[in-house]
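A.B. asks: A structural model of the following input is requested.
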Amino acid sequence: MIDELIRYLGNWRNRETVLELLVVHARLALLPLLIGLLAALPLGWAAQRYRPLRAMLLGSANVLYTVPSLALFVILPGILGTQILDEINVVVALALYTAALLIRPVVEALDAVPGHVLAAATAMGYRPLRRFLTVELPLAVPVLAAGVRVASVSNISLVSVGALIGVGGLGQLFTQGFQASYNAPIIVGVALTLLLALVMDALLSLAKALLTPWQPRRARPTGPAQPTGPAESAEPAQPRPTGGEA
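C.D. replies: Numbers count the residues shown, from 1 in each chain. Predicted coordinates for the structure are as follows:
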């Protein structure tokens with residue numbers, strides 16, 4: 001198995017192909033994530049603000065997310081008037097899935113914003129749109145970030161399904177390997193897909209930390225654990241006298 005991988009990656013054409021597919025895979029996963037997030041924010045805001053709309057939007061999102069991805073990849077060209085091999089089909093399909101997946105986290109994130117903060121912003125004269133962009137959305141980032149991380153991993157996984165219609169980034173390595181009964185490209189595709197998901201998750205975690213500087217960071221211990229009991233002092237203990245006392 002290792003010999004197969006060495007021979008496969010030892011060919012510069014294979015390395016070039018793998019790199020190109022990795023770039024395509026990242027683009028097809030990130031662009032829908034951004035589009036879906038931008039669509040989910042106003043929809044989630046509307047669902048959170050208008051209660052009758054919440055059930056309709058959340059129910060529609062749940063139904064949309066149950067549609068098989070391959071079926072959506074095949075149906076969209078007829079709706080959009082595009083070719084079956086156009087990348088736009090995968091982008092639109094994954095953007096719909098991302099929006100459907102993120103509407104609920106947006107609603108829950110906005111629900112988690114403290115009411116007294118909203119009341120204070122309103123008392124200061126903040127209009128609804130300004131209050132949403134400058135108060136509610138920043139405070140909702142910690143809860144929303146978890147949903148975005150799930151959506152990013154989901155997109156990276158679903159992009160591979162597009163290989164069945166000829167557009168799938170690293171997924172094309174899977175189809176090539178299966179068709180040729182050659183394990184090396186399959187292993188490379190799986191490893192790079194996993195690596196891409198880990199890198200994306202780490203970048204989103206970093207973005208969350210940068211966007212929420214007010215949140216406490218977990219301190220790392222720098223030395224032996226120190227006693228923290230209420231009766232203990234930071235001063236070193238003094239030796240007790242041993243003579244002259246009863």
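A.B. asks: For the rest of this, base every contact and every neighbour count on C-alpha atoms.
C.D. replies: OK.
A.B. asks: Skipping its backbone neighbours, what lies nearest Asp201 in space?
C.D. replies: What sits nearest to Asp201 in space, not counting adjacent residues and going by C-alpha to C-alpha, 6 or more residues apart in numbering, is Arg149, at 6.0 Å.
A.B. asks: State the distance from that neighbour to Val18.
C.D. replies: Separation of Arg149 from Val18 (C-alpha to C-alpha, to the nearest Å): 25 Å.
A.B. asks: got it, and Ser69?
C.D. replies: The value you get for Ser69 to Val18, if C-alpha to C-alpha is used, is 24 Å.
A.B. asks: Counting by contacts, list what the one helix or strand Ala140 maps to packs against.
C.D. replies: When elements are assigned from DSSP states H and E, Ala140 belongs to helix 137-159. When contacts are defined as 3 or more C-alpha pairs under 8 Å, 6 or more residues apart in numbering; DSSP states H and E, helix 137-159 packs onto helix 12-49, helix 87-111, helix 183-211.
A.B. asks: now, of those, which is deepest in the fold?
C.D. replies: Of all these, helix 87-111 has the most neighbours on average by mean count of other C-alpha atoms under 10 Å, namely a mean of 24.
A.B. asks: Could I have the CA atoms of whichever helix or strand comes after it written out in CSV?
C.D. replies: Sequence-wise, the next helix or strand downstream of helix 87-111 (DSSP H and E) is helix 115-123. Output of helix 115-123 as CSV, limited to C-alpha atoms (Å, rounded to 0.1, in the frame of the first residue of the first chain):
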residue,chain,number,x,y,z
GLY,A,115,-32.9,40.9,26.7
HIS,A,116,-31.5,43.8,28.9
VAL,A,117,-28.8,44.4,26.3
LEU,A,118,-31.4,44.7,23.6
ALA,A,119,-33.4,47.0,25.8
ALA,A,120,-30.4,49.2,26.5
ALA,A,121,-29.6,49.5,22.8
THR,A,122,-33.1,50.4,21.9
ALA,A,123,-33.2,53.0,24.7
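A.B. asks: quick one: helix 115-123 to helix 137-159, angle?
C.D. replies: In terms of direction (axes from the mean of the first three to the mean of the last three C-alpha atoms, to 10 degrees), helix 115-123 departs from helix 137-159 by 110 degrees.
A.B. asks: Would you pull up how far the helix or strand following helix 115-123 lies from the middle of the chain?
C.D. replies: Next helix or strand after helix 115-123 toward the C-terminus (DSSP H and E): helix 128-131. Relative to its chain's centre, helix 128-131 lies at 26 Å (C-alpha atoms, centre = their mean, to the nearest Å).
A.B. asks: No more questions from me, cheers.
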